[in-house]
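In: Got a predicted structure here, sequence first:
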Amino acid sequence: MKITSAEDIDALRPAGEATLHPNRMKICVGMATCGLAAGADQMYAALKQRIEQRGLDVLLTPTGCIGYCQQEPLVDVRLPGSGRVIYTQMTRPRARALVDELARGNLPLDSAWAVIDTEQILVEDQEISFPRLAGLAAVPALAHQPFFASQLKLVLRNCGYIDPQRIEETIARGGYRALHRALTDFTPQQVIDEIALAGLRGRGGGGFSTGRKWQVARDAPGESKYIICNADEGDPGAYMDRTVLESDPHSVLEGLIIGGYAIGAQQGYIYVRDEYPLAVERISNAIRQAEGLGLLGEDILGSGFNFAIEIVRGAGAFVCGEETAMIASIEGGLGEPRPKPPYPATSGLWGKPTIINNVKTLATVPLILIRGADWYTSLGAPGNSGTVVFSLVGQVANTGLVEIPLGMTLHELLEGIGGGSANGKAIKAVQTGGPSGGCLPASRFDLPITYEAMKDAGSIMGSGGMVVLDETACMVDVARYFLEFTTLESCGKCTACREGTRHLQAILDRLTKGQGAPEDLALLEEISEAVRTGSLCGLGQTAPNPVLSTLRYFREEYLAHAVEHHCPAGKCTMTDPKIPAALEA
Amino acid sequence: MPRLIIDSQEIQVPHGATLLQAIRSAGVALPTLCYWEGLPPYGACRLCLVEIVQPQREVVAACTYPAEEGMVVETQGRRAEAVRKLMLEFLLARCPTSAVIRSLAGEAGVTESRFPSNGDRDELCVLCGLCVRVCRDAVGAAAIGFANRGAERKVESPFNLHSEACIGCGACAAVCPTGAIFIEDVGSKRILHTWNTSVELQPCPRCGQPYAPDPMAFLREHVEASAHLYGLCPACRRKAALEQLDVVRDASFYR
């Protein structure tokens, strides 16, 4: 069946509704990579087997990641007409016991962690409320759990709510309505104007205005244009894009198709790293479904607009997340960057105007088109509309995937959502932006999270990795870790990055081994400046940030390493070169 | 035709010219390693970093940056010069025994490097990529390429084995700025030591000396007019050319 009208889209909603909120019992298992890593697949199998054994009438279904990755596997039970009762850290024995209880007509309440009794259908500004079952009064609503209370889920709106393999469920939650509106009510220019007016900025971390970027590509001469979804997420500790692709692939596809329409492209690519097999599988499945319904391919929704999407799997080079390297890789060449200008928006893939947008940017686009630029700018901070997604990891009590309105302070994020330190030890710093970012000390946690504030403080917003470090972390060692990463991931094309990162790493290596010298600090700064100024692409230009930001805020730690050959955090194993090895016991 | 100012000197360059072309046409010396007129610019060695003062202060690689109307460029700006010097110091650490690098660094006032070598003190390759690019973009053979990433990056034949695609033309060695590529003719073989590759040489039909790689026989078809000369080794070619001249001279002399 090919969809050609809004009515056709609506006609699919009951099928989605039937599995989203069925008239029989439903058990959902979080089966994104975070859940699978915690054993969700074995647990799913155990549930399935027990359900069959007990002959229980229940719909067992996978869902994506709702964000609380630390507590995976997450399982929830929904009785007809009520909300979802969530159980955390589910094990196979507990899963079997759960089915046994359900078969006896009991819903275990003691071990319930939270209840979802309201669901937001953001696209339509609707809220569905479910009556709370008697006996669940003591179980907090998910929206009141500290980890979720101050989050604002726009990009992650469907994650953990839908079965990502069923397009009908996406549609039941408002999916593809924005595409229909774009193609029927908006000219391409109006789409761009709306996105520009909303102030949407590149969520890959660059923060450039998405609308302005699209405008450049639209205005560039030429018949063939391309749009690429950048899903080559590679920062250590960051998995935002993976989760969105695994948990809600259709929202990304919808944004990509709308972007293609806006700039005048008929071909889109999703460049996704091959280390994300589940994301590749889910997005491939989503593409097939969208094609089957006429939401992708020829004459989309009967509008005459043609658009195809091809998946290109990255082979694991971090630098291929850089726009020009990604383009070279898609063209079949060596994944190394080329100088800009010309910018891809005027001369990119095969020399044609090309737009590259991050997964989260694209997933935001449908919401803006349907709810309007005014609504979007009312969220977040001035000049920083909307939300940002972080993977909150490290020494923080609650780890997982969080989405917050821009402008929230680091303190609110770490203490409110993160629940503070993981182990009672004081939080010392957060590292954002991965190898391109920097470390911000606790004294700056009053900073609002905006592109400008993060940059001024010496870090960057980045794509969304946020690593929390407590007092046991050595900041010189943290810098060394990231430089080791960039040294390995530098493509080696330009002298500044290839040689500069190698020497930075060597100096940090000797500092963390107690073999440094006081003049190493000035040398680090001298090399950092040259690598930042002299490198060909963004990878090299930002590679010194972890060094410069730690030197700026934790200089005394560097001095302790360089002068006293002492690591204040006790992390580095110092072998003082002044003591002959033979004398060391 | 854009007009711009380079080191206080006003100059006009053709449309599409790069900053490096503008700088050189202004007569300003700016040594480079990865730039070669016959190939598209590459931007790898970073020795041509200069500072744009107007319209917006920025340090850029001159070889890849387009020269635009009204630009003001300083080649001796403090920031750009400092980075260039450090690049040379990096390269000196990488190739401590390269005479070319020692001399380039010396001209910039860098005589010693504070940094360790990459493990091989006899390293001569600066990874400018000229060999790879000339082979791929000018010769069309693509017999060699880059392997590995970052500090491990190197130029190799595929899998570091004999390259079937190599035609033995030697263009790689001809463009190499540091003499890092070692090629020699031994008997009836041309051995490209750096690429673990050898190609058979054809014997000269006149004297029997092996002289030109087999895969380059196609060249004769491209120079039909003097095909009989290109079929000969360089020594016999000179002789034959002289004989041809003699014939001409003799004919005109005796007419």
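Out: Yep, that arrived. Everything quoted here is computed from the prediction, not taken from an experiment.
In: So what does the residue in chain A that chain B sits nearest to look like in phi/psi?
Out: Minimum separation of chain A from chain B (C-beta to the nearest C-beta) falls at A:G492, amounting to 3.1 Å. Every C-beta, even on glycine, is put in place using the N, C-alpha and C of the backbone. Dihedral pair for A:G492: phi 90, psi 0, per degrees, to the nearest 10.
In: for B:G43, same thing?
Out: Torsion angles, degrees, to the nearest 10, at B:G43: phi 70, psi 30.
In: In terms of helices and strands, where is A:Q431?
Out: A:Q431 is part of strand A:427-432, with elements assigned from DSSP states H and E.
In: now for that strand, which elements pack on it?
Out: strand A:387-394, strand A:438-441, strand A:465-470, helix A:475-489 (3 or more C-beta pairs under 8 Å, 6 or more residues apart in numbering or on different chains; DSSP states H and E).
In: Please compute how far that strand lies from its chain's middle.
Out: Relative to its parent chain, strand A:427-432 has a centroid offset of 19 Å by C-alpha atoms, centre = their mean, to the nearest Å.
In: One more: stretch B:80-94?
Out: 20 Å.
In: Residues in contact with it: which ones?
Out: A:495-496, A:499-500, A:503, A:526-527, A:529-530, A:533-534, B:33, B:45-47, B:49-51, B:59, B:74, B:101-102, B:104-105, B:108-110, B:112-118, B:123, B:126 (C-beta atoms under 8 Å, 6 or more residues apart in numbering or on different chains).
In: Now a PyMOL select for only the buried ones of these.
Out: Of those, the buried ones can be selected in PyMOL as follows, counting by 16 or more other C-beta atoms under 10 Å in any protein chain shown:
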select buried, (chain A and resi 495+496+499+500+503+527+529+530+533+534) or (chain B and resi 33+45+46+47+49+50+51+59+74+101+102+104+105+108+110+113+115+118+123+126)
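In: Just the ones in strands from the contacts of stretch B:80-94, please.
Out: Counting by DSSP state E, the contacts of stretch B:80-94 place B:49-51, B:59, B:74 in strands.
In: For stretch A:357-375, buried residues please.
Out: For stretch A:357-375, a neighbour-count test (16+ other C-beta under 10 Å) marks A:357-371, A:373, A:375 as buried.
In: filter these by proximity to chain B?
Out: The subset of the buried residues of stretch A:357-375 within reach of chain B, counting by C-beta under 8 Å from any C-beta of the partner chain, is empty.
In: Inside helices: which ones of those residues?
Out: Applying DSSP state H to those, the entries found in helices are A:359-371, A:373, A:375.
In: residues near the nearest residue to A:E484 once chain neighbours are set aside, how many?
Out: Leaving aside its sequence neighbours, A:E484 sits nearest to A:Q505 (C-beta to C-beta, 6 or more residues apart in numbering or on different chains; 5.6 Å). Counted by other C-beta atoms under 10 Å in any protein chain shown, the residues lying close to A:Q505 total 23.
In: Now for A:Q505: which residues touch it?
Out: A:480, A:483-484, A:487.
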